[in-house]
Every structure is written in structure tokens, then in C-alpha cells.
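Enquirer: Sequence first, then the predicted structure:
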Amino acid sequence: MIRLCLRLLALAALLPALSGCSLFFDEAPGIPVVRLYNNSGRPVLVDNDRIKAGRSATVAFPEKVGEPLIVFANGCLYTYVFDTRPGELRGADWMMRLAYRLPLEPDNRLYGLPGGEDFPANVSKVPQPAGFPLAPREGSTCQG
């Protein structure tokens, strides 16, 4: 019985420290990332991550709206610029970060998936928000 009381006291002493950790988790969803699924049929390179066809990786979301996400594939450089961060595509990853789920399709476009959709998805049946799918911007070394 005394051991149980000591354990409960120790746990009670930890509660203030643990509640301080919640501040970190409250802020973490504001750190955006992209969960990019490579459905292009070829390996791609994004943020020094080689993503094989049929695989996904988490990469940094451009820090500011208007900054590019750059994808290298088959000797081409594709530049994607997000004009907005659509709320309907927001989700969270296992680290509680704000995560956007974007499959890269064979047409070189990035499609958006709402949180309930899983990879791989039939993007032709998923309604896209305004501005999606994203096509490579001018300045990409290969178009479409």
C-alpha cells in the first residue's frame, strides 16, 4: 500500500512537467509538411529524399505561400507553387504536424487528398479544391 502511495505521489509530481509538454503539441500542428505519394511510375527526388514509384515520403512544405516545391524526375526539374493552403486538405501526421497529402500522378500534376482518403487514391474520383491539381509552373525544365 505504501508503494502504491509513493507511485501516485511521483506521478502527481510529474503532472506539471507533462502539462508543459502539451504546449509543444499545441504548436506542432502549425508546422506544415507534405506527405507526397509517388504515383508517377518513376523515381523522383524531393528535398534530398529519393521516392520510388508507389512509395511515399514526408517532405517540408514550402515555408511561405508562393515558394516552390521542387521535384526532380528523369532529368527534369518540376516546380510547384502553392498559391494557398486549402483547409479541406489539412490533416495531421503521426507526429501531430499539419500534413498535406499530395499524390504525384503520371501527368506530373500534384493532386490533393482530404484527410479521409488513403494512398494510392483514384484522383479522378476525388473532388479537388480550387487551385488543384497543381501543374508544374513555368521555369520547369520539362513541361507536362
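Expert: Yep, that arrived.
Enquirer: Could you use CA atoms for every contact and neighbour count after this?
Expert: Will do.
Enquirer: Give me the next element, helix or strand, following the helix-or-strand element of the chain with minimal mean pLDDT.
Expert: The helix or strand of the chain with the poorest confidence is helix 2-27; it has a mean of 48 (mean pLDDT, DSSP states H and E). Downstream of helix 2-27, the first helix or strand assigned by DSSP states H and E is strand 32-38.
Enquirer: how about low-confidence regions in this structure?
Expert: Scanning the chain for pLDDT under 70 picks out 1, 3-30, 116, 139, 143-144.
Enquirer: who's the residue positioned nearest the centre of the chain bridged to?
Expert: With distances taken as C-alpha atoms, centre = their mean, the residue of the chain nearest its centroid is residue 34 (2.1 Å). When assigned by DSSP bridges, residue 34 has beta-bridge partners residue 59, residue 100.
Enquirer: For residue 110, see how far away it is.
Expert: Using C-alpha to C-alpha, to the nearest Å, one gets 11 Å for the distance from residue 34 to residue 110.
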